[in-house]
Each structure stands twice: as structure tokens, then as C-alpha cells.
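Colleague: Sequence and predicted structure are below.
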Amino acid sequence: MALRNLLFVLVLALGIAVQSIYADTDTHSGEEAAYVFTAHLSAMPVIPEIARPIVVCASGIGGVVCEFRFETRNDIQILERLCATGELSANVCNAFNVGATVAQVPAVCPVVVGFARERAGEACSDIERNELCYGYENVSISPALLTNTGDTGELTPVTSINAQAYNLLNANFGIAVANAHANLPVDLTNSAGLRMILFGSLQMRNRVPSNEAINLPDEGVSVTVDANTSVFDVPPSIGEQTVVGTATAGQTLMVDALSDDGEWARVMFTYDGFVGDQAAGWVSVADVTFASQDAVNNLPGIGEGDRTPMQSFFFAPGGGSVPDCQPITGSALFLQAPEGTEATYIANDAQITIIGSALMNIVGSRMEITVLSGVAVLDGDIVVPAGYTSRINVIPSQGFFIVAPDAEWDEPRALNRAEINAVTYFESLPLSILNQAVNVPVCGPGSTGTDCEITYDYSFDDALMERLCEQGILSDELDICQ
């Protein structure tokens, strides 16, 4: 639309002054509030009947005041169409465009983002592990197996995903939703996996070729323990073994993979990990009896360096012009592990383990992770608690980024008040595409000015941080440990 390209000063010359006002999203109920802005016009416009619920004008002191109210994506499209056909007067269309794109707080973008988020929640509800879902327009997936909102398919053959930026003209905001196996066993309840959600202007490339990926079965194979036997963290072919528990005689376990030499079985077995629970252990095949030998023959073998689909990936901003679209500016990669369970992935060559929810992005020449709930362990060294962020230097590689040679993660930094307020948006993600609800820390009573006293009003995080501080896993230099 040509009118969209008018500069703000030209609009003012037409006698239009725009003031944007919008109601925040209700991040706890998941319902989208109306987004409103007002425009002062020099004359009363003619409003077609179809647009009257969206644009309401009245004469007042100093001229005509029009209120623009958007509740759904359809409201935006109605005004777009009426402006394109000339059915809506130029002064109203100018006000609409200025309010949407030039004023300090965009009035239209939050509606599009909110609608896209809710639609993705409906379209991708309860996807299974090792599946990818086209959440909302526009997303490019290669190979082109998924092309429309709600299309769902296996993650294994996917080579790349490109979620496109917010687009005012088409009222689009690209969202893709994946549920990856990562290092998690298949018998976790409720299809729990490593959830990955791409938001606008973000591209990913799968670094696990389909012919090399470890494709776990849909469900495990039952085995019975013959006699009391030790459970280990890894098979000897992968690394030095540590005993993590004991399986008792007669106990039934579920196996989803074998070691590459066939002598060890990976079982669903929960034990204490570094910061959370590990969910898979290894027992000797000689110490168990399989319920079905045929099923055993179909189990994959896991060796050192083997990965499940999309467990290792490149990611980067999608490029192009990205408007300041609050509450999401530019792009974001959201990741979530089952609460309390360690899920490990490799992003741009950095090995990361999370037990809650986190955001990742590229900021200039640095890769950033922000932890929303739980903790993240970066390259086995730096532990970042909820409400904190860390960055590391990256360099371009194959159109994406990799960690720079000898680069190290920054010490965790507490989010400030504005950053905490911004990430609360993710509390409104639909539960249907998550393992569990997102609970972001709050700014406590000790907060002053722009600073935020990170406070956990979510009992799981509160107890977790207390334990990790006491054990010395979290640095005693962090404010939350003092």
C-alpha cells in the first residue's frame, strides 16, 4: 500500500496527529486484550459500516477524534482492504498506517503476534516427539513437506526452517513448533521432549543428517531384570562409567536404544544429574530378558557423538528489515525441557543443557541465552539461573554462526526490570505446545529504578535455586545466593 510509505512529517502536514495507546496482553489468562490508538483528524470521515466497530469517530474540542480498536487479525485485514480499494478515506488510512508503524508504540503488531501465537497453539496442539509443526504464516521449511498452518510431519528429514518476520501488509508473523527427542528417552510421559519454537525472522539448519540421525522408536521395549544389577550413566563405548543406581530382580524397565556394540541397553531410569534429573541409564544386556526379540532387532544403536534429529543445529536471525514489533523485537528461539529433567542440545557448536525454559538469539557478534525458568548449563561449565543471561562471541560460518575459537561464556548477568517485563510475554504461550507453563521470575521489593531484584515466586524455581546455591553449583557471587 503506497500510503504506508508516507513519512510521519507528511502525515502531520495533512493535519493528522496520532497518539498510540494499547492495552497489555493478559499474560496469565492467555486472552488477548484489545489494542487501541486514537487519531485527531481535521474533518469527520465517512466510515463504511463494516469498519464501524473498528473505527469510531466523534467531534470534539479541536476537531475530530477517531479511536481504532483491533481485537483480531480480521480487523486489521478489513482496514487493509478498505484502504486498498479506496472505500476508506485517505486521512483515516494515513492515521491507521502512522498508528501502526510510526508512533512510539505500534498498535497493530501486538494483535498480529498475539493472534499468531494463539493460532499456533491450536494448530500444533499436542504434537508428538520428533515432529515439526507449521505454526503460523509465513514459514519456509526444506524440504517443502509442510506448507500451511497446522501441517505436521517428522523432524528427521527437515534440513532447514525459516520463520519470517512480522509483516504488516499480510498480518503475518512466522512461527514454527518442534518437539525433539534430544537426549531424552521415549517413555517420558505426555510426549515430553525438547520443545523448540521459532518466532519471526529466525532461521535454523539441522546439523544431524537424516541418514545419520538416531531415530528412536515410538515406544520402548519391555525388559525384565534377571538379578540385581547396576545402572550406569553411559555405556563403556561412550565414556567412563559411573554407577547411578540399581535395578532390582524382577523389575520391568523400558528400553529405547542399544549401545553401538549391542551389549548395553538404554533404559528409562531417573537419577540425580548435575542440576536436574537424568532420565536415561544403561544396563548390561546380559542382565535382562527382553519381552520380544523381534522388537530388539529394530532398536537403534547409539555411539559416541551420535545425535537425534535436530539435537544439533545452526541458528541465526533471518535477515531483512525487521520492524520494532513489541513484545517480540526481531526474532527469538524458545526452548523448553521437561521440568526438572536435563535436556541437552548443541546450538552453533555450544553444548547447552536446560531443565526449564530459555530464549536464544544472536546479538551482533554474540550469541545470547536468557533463562526464563529452571537453569541452563553452558558447555558443562557456566550455570545460568532463571532471570539471568549470558553471551559468548561467535563468528560467521556457512551463512550462520559458530562459537569463536577460545571464546568463553560471560558470567551470568541478572536481567533488569525492562528485560524481565519483556520476557513475561512468554508466559502467555499456549500450554498445548509446551511441556509445562512458563513462570518468569519477578522483580522483588528490593528492586530500585531500572534494577531488578530477581525473585522466584514459583515454588519449583525457588527450591531449585536454594539447593544449587547451597551445593555451590551456582556462584555465591550471584545476588540470589547471597
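Modeller: Received it, and whenever you're ready, just let me know what you need.
Colleague: alpha carbons only for contacts and neighbour counts from here, please
Modeller: Noted.
Colleague: ok, Asp349 - contacts?
Modeller: Neighbour list for Asp349: Ser312, Phe314, Ile402, Val403 [criterion: CA atoms under 8 Å, 6 or more residues apart in numbering].
Colleague: Can you get me a residue count around the first one?
Modeller: For Ser312, the tally of surrounding residues (other CA atoms under 10 Å) stands at 21.
Colleague: now the contacts of Asp349 in JSON lines, with pLDDT?
Modeller: What follows is the contacts of Asp349, written out as JSON lines (pLDDT from 0 to 100):
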{"residue": "Ser312", "pLDDT": "97"}
{"residue": "Phe314", "pLDDT": "96"}
{"residue": "Ile402", "pLDDT": "95"}
{"residue": "Val403", "pLDDT": "96"}
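Colleague: Which one of the residues you listed is nearest to His40?
Modeller: For the contacts of Asp349, the closest approach to His40 (CA to CA) belongs to Phe314, at 47.8 Å.
Colleague: Just grab the bridge partners of the spatially most central residue of the chain for me.
Modeller: Nearest to the mean C-alpha position of the chain, counting by CA atoms, centre = their mean, stands Phe334 at 1.7 Å. With DSSP bridges as the criterion, Phe334 is bridged to Ile197, Leu359.
Colleague: Do I have it right that it meets Gly356?
Modeller: No: counting by CA atoms under 8 Å, no contact exists between Phe334 and Gly356, whose distance comes to 10.8 Å.
Colleague: Mind telling me what element Asp462 is part of?
Modeller: Using DSSP states H and E, Asp462 falls within helix 459-470.
Colleague: Pull out the buried positions in that helix.
Modeller: For helix 459-470, burial by neighbour count (16 or more other CA atoms under 10 Å) applies to Asp461, Asp462, Leu464, Met465, Leu468, Cys469.
Colleague: next one: stretch 76-88
Modeller: Buried-residue list, stretch 76-88, by 16+ other CA under 10 Å: Ile76, Leu79, Glu80, Leu82, Cys83, Leu88.
Colleague: Low-confidence regions, this protein specifically.
Modeller: Across the chain, the ranges flagged by pLDDT under 70 are 1-35, 73, 97-109, 168-170, 189-190, 319-330.
Colleague: Got the domain ranges for it?
Modeller: 2-107, 127-212+312-481, 221-302 (automatic domain parsing).
Colleague: What values do phi and psi take at Arg52?
Modeller: phi -70, psi -30 (degrees, to the nearest 10).
Colleague: again with Glu453
Modeller: phi -80, psi 100.
Colleague: Please identify which helix or strand holds Thr289.
Modeller: strand 288-290.
Colleague: Please enumerate residues in contact with that strand?
Modeller: Contacts of strand 288-290 (CA under 8 Å, 6+ apart): Val221, Ser222, Val223, Thr224, Val225, Asp226, Ala227, Val296.
Colleague: buried sites along stretch 350-368?
Modeller: So stretch 350-368, judged by 16+ other CA under 10 Å, has buried residues 350, 352-362, 366-368.
Colleague: Closest one of those to Ala165?
Modeller: Nearest member of the buried residues of stretch 350-368 to Ala165, counting by CA to CA, is Asn361, at 14.3 Å.
Colleague: Just the element for the closest one, please.
Modeller: Using DSSP H and E, Asn361 falls in strand 357-363.
Colleague: What is that strand packed up against?
Modeller: Counting by 3 or more CA pairs under 8 Å, 6 or more residues apart in numbering; DSSP states H and E, the packing neighbours recorded for strand 357-363 are strand 312-317, strand 332-336, strand 366-373.
Colleague: Let's see that with 7 Å instead.
Modeller: Helices and strands touching strand 357-363, by 3 or more CA pairs under 7 Å, 6 or more residues apart in numbering; DSSP states H and E, are strand 332-336, strand 366-373.
Colleague: could you dump these to CSV with distance to Leu434?
Modeller: Output for the helices and strands packed on strand 357-363, formatted as CSV (distance: least, CA to CA, whole Å):
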stretch, distance to Leu434
strand 332-336, 7
strand 366-373, 13
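Colleague: Of those strands, give the one that comes closest to Gly121.
Modeller: strand 332-336 (14.2 Å).
Colleague: quick one: that closest one to strand 357-363, angle?
Modeller: Between strand 332-336 and strand 357-363, the angle comes out at 150 degrees (axes from the mean of the first three to the mean of the last three CA atoms, to 10 degrees).
Colleague: Report all helices and strands that strand 332-336 contacts.
Modeller: strand 194-199, strand 357-363.
Colleague: do you know which of the ones you listed lies nearest Val438?
Modeller: The nearest among these, by CA to CA, is strand 357-363 at 6.9 Å.
Colleague: still on that earlier bit, show me the one of the domains of the chain that comes nearest Ala116.
Modeller: domain 127-212+312-481 (5.9 Å).
Colleague: Please identify which of the helices and strands packed on strand 357-363 is closest to Ala265.
Modeller: Nearest of the helices and strands packed on strand 357-363 (CA to CA): strand 332-336, 26.8 Å.
Colleague: Contacts for the closest one next, please.
Modeller: Residues from elsewhere that reach strand 332-336 (CA atoms under 7 Å, 6 or more residues apart in numbering): 194-199, 202, 356-361.
Colleague: Within the sheet, what are the partner strands of the helix or strand just after it, with directions?
Modeller: The C-terminal neighbour of strand 332-336 among helices and strands, as given by DSSP H and E, is strand 343-347. Within its sheet, and counting by DSSP bridges, strand 343-347 is paired with strand 312-317 (parallel), strand 350-354 (antiparallel).
Colleague: can I get the ones you listed in CSV with distance to Tyr425?
Modeller: Formatted as CSV, these follow (distance: least, CA to CA, whole Å):
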stretch, distance to Tyr425
strand 312-317, 20
strand 350-354, 20
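Colleague: Whichever of the contacts of Asp349 count as buried, I'd like them selected in PyMOL; how would that read?
Modeller: To isolate the buried subset of the contacts of Asp349 in PyMOL, counting by 16+ other CA under 10 Å, use the following:
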select buried, resi 312+314+402+403
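Colleague: Next, format the contacts of Asp349 as JSON lines and append distance to Gly446.
Modeller: Formatted as JSON lines, the contacts of Asp349 follow (distance: CA to CA, whole Å):
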{"residue": "Ser312", "distance to Gly446": "40"}
{"residue": "Phe314", "distance to Gly446": "39"}
{"residue": "Ile402", "distance to Gly446": "39"}
{"residue": "Val403", "distance to Gly446": "36"}
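Colleague: Check the contacts of Asp349 and tell me the two furthest apart.
Modeller: Ser312 and Val403 (13.5 Å).
Colleague: quick one: Arg81 from Leu88, how far?
Modeller: 9 Å (CA to CA, to the nearest Å).
Colleague: what does Gly303 give?
Modeller: For Gly303 relative to Leu88 (CA to CA), the value is 65 Å.
Colleague: what do you get for Ala144?
Modeller: Counting by CA to CA, the gap from Ala144 to Leu88 is 39 Å.
Colleague: ok, back up a step: can I get the helices and strands packed on strand 332-336 in JSON lines with distance to Ala163?
Modeller: Shown next, in JSON lines, are these (distance: least, CA to CA, whole Å):
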{"stretch": "strand 194-199", "distance to Ala163": "6"}
{"stretch": "strand 357-363", "distance to Ala163": "14"}
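Colleague: ok, which stretches of the stretch 151-300 of the chain are helices?
Modeller: 293-297 (DSSP state H, counting those that start in this stretch).
Colleague: residue boundaries of the strands in it?
Modeller: 152-154, 160-163, 175-180, 194-199, 202-206, 221-225, 229-232, 243-247, 252-259, 264-272, 277-284, 288-290 (DSSP state E, counting those that start in this stretch).
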